[in-house]
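K.L.:
Got a predicted model here, sequence first, then my questions.
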Amino acid sequence: MHLSNARRWEKLCHQQANILQGLSQTFPERAQAHQELVNYWRALAERVRRGESLKL
């Protein structure tokens, strides 16, 4: 599935990842959970960039 606004989605995914990284500085006790979410958002951005299906 190709998203017509894939670049925008990719940008939003990276923004989400960056926000979560910042939260780890404020809440270091949640750093591991934040990192898991950062990894998810970055992987999603990569899938969008490659035009892969986003079906779960």
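P.N.:
Yes, it's here.
K.L.:
And what about Leu54, helix, strand or coil?
P.N.:
coil (DSSP: H, G, I helix; E, B strand; the rest coil).
K.L.:
Would you check how far apart it and Arg47 are?
P.N.:
As judged by C-beta to C-beta, to the nearest Å, Leu54 and Arg47 stand 6 Å apart. From N, CA and C alone the C-beta is placed, and that goes for glycine too.
K.L.:
more neighbours, the two?
P.N.:
With neighbours defined as other C-beta atoms under 10 Å, Leu54 and Arg47 compare such that Arg47 has more, 16 against 11.
K.L.:
who are the neighbours in contact with the more buried one?
P.N.:
Arg47 is in contact with Leu54, counting by C-beta atoms under 8 Å, 6 or more residues apart in numbering.
K.L.:
Return the one helix or strand it maps to as CSV; C-alpha atoms alone will do.
P.N.:
Under the criterion of DSSP states H and E, Arg47 resides in helix 31-50. Output of helix 31-50 as CSV, limited to C-alpha atoms (Å, rounded to 0.1, in the frame of the first residue of the first chain):
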residue,chain,number,x,y,z
ALA,A,31,13.7,4.9,29.8
GLN,A,32,13.4,1.2,28.8
ALA,A,33,9.7,1.5,28.0
HIS,A,34,10.4,4.7,26.1
GLN,A,35,13.1,3.0,24.1
GLU,A,36,10.8,0.2,23.0
LEU,A,37,8.3,2.8,21.8
VAL,A,38,11.1,4.8,20.0
ASN,A,39,12.1,1.6,18.2
TYR,A,40,8.5,1.0,17.2
TRP,A,41,8.1,4.5,15.8
ARG,A,42,11.4,4.3,13.9
ALA,A,43,10.5,0.9,12.4
LEU,A,44,7.1,2.2,11.4
ALA,A,45,8.8,5.2,9.7
GLU,A,46,11.0,2.8,7.8
ARG,A,47,8.1,0.7,6.6
VAL,A,48,6.3,3.9,5.4
ARG,A,49,9.4,5.0,3.6
ARG,A,50,9.7,1.7,1.8
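K.L.:
That one: how far from the chain's middle?
P.N.:
4 Å (C-alpha atoms, centre = their mean, to the nearest Å).
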